[in-house]
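J.: give me coordinates for this.
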Amino acid sequence: MPYEVQHYTLFYGWVNTWSYAEANGIMQPETFATAAEAQAALDEFFQDLEEEVAAGQMAPHDRDEFRVRQTGGTATAAQPDAAGGAP
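T.: Predicted structure coming up:
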């Protein structure tokens with residue numbers, strides 16, 4: 001089953017806000033084949049973000065606002081995240 005990076009929003013709770021543009025320009029939600037791939041993408045995001053924060057181009061983000069979750073199938077809202085934490 002695929003995995004996604006979720007971001008906590010005040011209005012909607014945990015949602016996948018990550019997307020990519022297909023060749024025709026249509027935006028699609030981004031998912032990953034494994035939890036490790038999703039975690040690597042999240043780690044890369046925070047590395048890039050640290051550079052932008054250091055350059056004064058962006059405010060820092062808290063890692064607790066993001067998590068990796070399995071999607072579809074029998075996954076439930078109570079499923080622990082990829083790091084083993086609670087939802």
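J.: for the biggest strand by length in the chain, name the packing helices and strands.
T.: As assigned by DSSP state E, the longest strand anywhere in the chain is strand 3-9. Secondary-structure packing of strand 3-9 (3 or more C-beta pairs under 8 Å, 6 or more residues apart in numbering; DSSP states H and E): strand 13-15, helix 35-54, strand 66-70. Using the backbone N, CA and C atoms, a C-beta is placed for each residue, glycine as well.
J.: just the CA atoms from the last one would do, formatted as PDB, please.
T.: This points to strand 66-70. Below are the C-alpha coordinates for strand 66-70, written out as PDB (Å, rounded to 0.1, in the frame of the first residue of the first chain):
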ATOM      1  CA  PHE A  66       4.300  16.400   9.600                       C
ATOM      2  CA  ARG A  67       4.000  12.600   9.600                       C
ATOM      3  CA  VAL A  68       4.200   9.600   7.300                       C
ATOM      4  CA  ARG A  69       1.100   7.400   7.000                       C
ATOM      5  CA  GLN A  70       0.000   4.400   5.000                       C
END
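J.: tell me, how many residues neighbour the residue lying closest to Trp14 once chain neighbours are set aside?
T.: Spatially, and ignoring its direct neighbours in sequence, Trp14 is nearest to Gln6 (4.4 Å; C-beta to C-beta, 6 or more residues apart in numbering). Residues near Gln6, counting by other C-beta atoms under 10 Å, number 22.
J.: quick one: contacts for Gln6?
T.: Contact analysis of Gln6 by C-beta atoms under 8 Å, 6 or more residues apart in numbering lists Trp14, Val15, Asn16, Thr17, Phe66, Arg67, Val68, Arg69.
J.: doesn't Tyr8 make contact with the fifth one?
T.: It refers to Phe66. Yes: at 7.5 Å, Phe66 counts as touching Tyr8 under the criterion of C-beta atoms under 8 Å.
J.: higher neighbour count, the two?
T.: Higher neighbour count among Phe66 and Tyr8: Phe66, with 18 against 14, using other C-beta under 10 Å.
J.: great, nothing more from me.
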